[in-house]
Every structure is written in C-alpha cells, then in structure tokens.
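J.: Pasting a predicted model and its sequence here:
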Protein chains: 2
Amino acid sequence: MESNDAVRRLSALAQDSRLAVFRLLVRAGPEGMAAGDIARGLGLAPNTLSAQLTVLANAGLIRSRRDGRSIVYAADYDAMSALLVFLMDDCCQGRPEVCAPVADLTARIACCEQPRGALS
Amino acid sequence: MESNDAVRRLSALAQDSRLAVFRLLVRAGPEGMAAGDIARGLGLAPNTLSAQLTVLANAGLIRSRRDGRSIVYAADYDAMSALLVFLMDDCCQGRPEVCAPVADLTARIACCEQPRGALS
DNA sequence: CCAACAATTCCACGATACTGGAAATATGGA
DNA sequence: TCCATATTTCCAGTATCGTGGAATTGTTGG
C-alpha cells in the first residue's frame, strides 16, 4: 500500500459523519446497507450523505452495488486491513515488548476467532 | 474511546508529513527521536514540523520529553491500539468469516510474537 | 408515457487547515 | 553575561473541505 492511498483513507475516516457511516457499515457486515437506510439511521441529508459515500468509495473503504431502486454500500474489510498494517508496520524490529499493546488488542479485533471458545 | 478522539487521531494521521512523522516514530521505538532529527530525516522546515508535532501530540498519538536542548518525541502505542480497536470494533457479530482478512493481517502486525519462531 | 421514489450532481458559501517568514523562548557552553 | 543551538509561537495568505438548496439521473409500477 502506498502512502498516498493511506492518506486518502485516513482523510476519508477523519470526519464525524464519514466515520459514523464506516463504523455502521462495519457492523452491518458484507450484505451492507442501502444509502437511504444509512441516511435515516444517522440523520443525514441524502445529498450530504451521498458526498460522504463518494469520498469513502474513492478511498476504497466501501463498495457499492445497485439493488432495485436502492444502492447498497458495504465496508471493504481487505482495504481496511491493508491500512491497519500500513500504520503499524515495523512497529517493533526485534523487540517483542514494544508492540505488546498492539498485539494484545488485535486479539480483540479478531473477536470471532474464539480460539478457546466452544461456540459452533 | 470516544468518537471525537478517534476523529482527532485520524485527522492527525490524514496528512502526508504527519503520517510520515508518525510512521518514522513507530519505527524509532520507545526511545523516540529529537525534533531536529525528524526534521532533517524528512526534509521539513523546523516550524512546520513543530506545528505537525503539536497536532499529533494533541491527538495523543505521540509523547514528548525534553533531553538537553532537544525535545524527543515517541509514538504512543497504547493510543494507537485504542484507535485500531475503535475502527474495527464489532466487525463481525458471530460470523468468523467476515473478519478473516483483518484477523489474518493482525498476525503481520504482531511481528515480534513469532509464535512458531525459534528466535531468542 | 407519467408519477413517485432513490440517489446523485451542481453550485456556492462559510469554516478549517497547511505552509512559511519572522520573532520569541529555552537550554548549554564560553 | 553573551552567543549559538533547538524548538516553538505568531501571523497571514492560499487552498481545501463540509454543507445544504435546487435540479438531474435512474428505477419501479400504473
């Protein structure tokens, strides 16, 4: 991943409404949400939301597909992962203790792995 | 972590020079680097860099301490971890396959864990 | 074809951010 | 104390961004 792309993605997320949109889509999962539902859910004007969605899409953080009259947006998990790695790459060259806080929390992100859980 | 803080941190990182500074400090480790060395390393004017460092510090992403005539800056790994978790929280409620790309890459971030490595 | 609905594009205003010159503050050494 | 070094603060000019009203495109159903 290039630095320019990282800045574009970070800029896209560095705004109240867009961050809320992205986190909503992260929670919504791969099926995504229609633009109208996002607007209603977050209380945003349709045209304003449209501009924000364009920014997120240009950054590669979300994808869109048409479904009837609606356009459905979904988070791009691969793009987000690439950004996270870019940010923390080489965070500790040979010294495990440095990245410990990051490593600990990645376990929380990987919520569904449940390595010790008995679920499913 | 609050949404306002997340936006502040993302905004701080959403700029060429500041992103370069932060990544440089991530690589520099907990000992950090003097402001002058950062400026020379990245080819930035001292006053411009100072403004950028202030933004990163206000966002909580870096910390500073005085060492003689220099002021030494270091990345705050805990703050960064909190941001990463905030971004991807609840990324997959009960469906492990959704977060797989993220979970895979967290292994790359946790570079020093080397669970299968024989080093040290 | 026409009307209703969903979303986007166009446009302009107000606010915010990045940059660099010049001056100011703080530290260390003679 | 005086000077050089290291960094910050002040200030203003330029550029960019977020927002919302109005008009436009695309889709569905009668």
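T.: Looks like it arrived, so ask away. Treat the numbers as computed from the prediction; the structure is a model and nothing was measured. Residues are numbered from 1 along each chain as shown, chains lettered A, B, ... in the order given.
J.: and residue A:48, what does it touch?
T.: Applying C-beta atoms under 8 Å, 6 or more residues apart in numbering or on different chains, we find residue A:48 in contact with residue A:17. For the C-beta atoms, the positions are set from N, CA and C on the backbone; glycine is no exception.
J.: Please, which helix or strand holds it?
T.: Per DSSP states H and E, residue A:48 falls inside helix A:46-58.
J.: Over to residue A:71?
T.: With DSSP H and E as criterion, residue A:71 is part of strand A:70-75.
J.: Direction included, what does that strand pair against?
T.: Paired strands of strand A:70-75, with direction, are strand A:33-34 (antiparallel), strand A:62-67 (antiparallel) (DSSP bridges).
J.: Turn those strands into TSV, columns for mean neighbour count, distance to DNA strand C and mean pLDDT.
T.: Formatted as TSV, the strands paired with strand A:70-75 follow (neighbours: other C-beta atoms under 10 Å in any protein chain shown; distance: least, C-beta to the nearest atom of the strand, whole Å; pLDDT from 0 to 100):
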stretch	mean neighbour count	distance to DNA strand C	mean pLDDT
strand A:33-34	18	4	97
strand A:62-67	14	6	96
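J.: With distance to residue A:8 as new columns, can the ones you listed be given to me in JSON lines?
T.: Output for these, formatted as JSON lines (distance: least, C-beta to C-beta, whole Å):
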{"stretch": "strand A:33-34", "distance to residue A:8": "23"}
{"stretch": "strand A:62-67", "distance to residue A:8": "13"}
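J.: thinking again about what came up before, do the strand holding residue A:71 and DNA strand D meet?
T.: No: Strand A:70-75 lies apart from DNA strand D when judged by C-beta under 7 Å from any atom of the strand; the minimum separation is 8.8 Å.
J.: could you check the angle helix A:46-58 makes with that strand?
T.: Orientation check (axes from the mean of the first three to the mean of the last three C-alpha atoms, to 10 degrees): strand A:70-75 against helix A:46-58 gives 40 degrees.
J.: in strand A:70-75, what's buried?
T.: A:72-75 (16 or more other C-beta atoms under 10 Å in any protein chain shown).
J.: Relative to DNA strand C, how far out is residue A:17?
T.: According to C-beta to the nearest atom of the strand, to the nearest Å, residue A:17 stands 13 Å off from DNA strand C.
J.: and that residue, how many neighbours?
T.: Other residues near residue A:17 come to 16 when the count uses other C-beta atoms under 10 Å in any protein chain shown.
J.: got it, and the one 3 residues further on?
T.: Neighbourhood size, residue A:20 [other C-beta under 10 Å]: 18.
J.: okay but it is in contact with residue A:42, surely?
T.: Yes: in this structure, residue A:20 is within contact of residue A:42 by C-beta atoms under 8 Å, at 5.5 Å.
J.: quick one: the residue nearest to residue A:12 when sequence neighbours are not counted from residue B:83, how far?
T.: Nearest residue to residue A:12, sequence neighbours excluded (C-beta to C-beta, 6 or more residues apart in numbering or on different chains): residue A:59, at 3.8 Å. Computed as C-beta to C-beta, to the nearest Å, the residue A:59 to residue B:83 distance reads 17 Å.
J.: Done for today, thanks.
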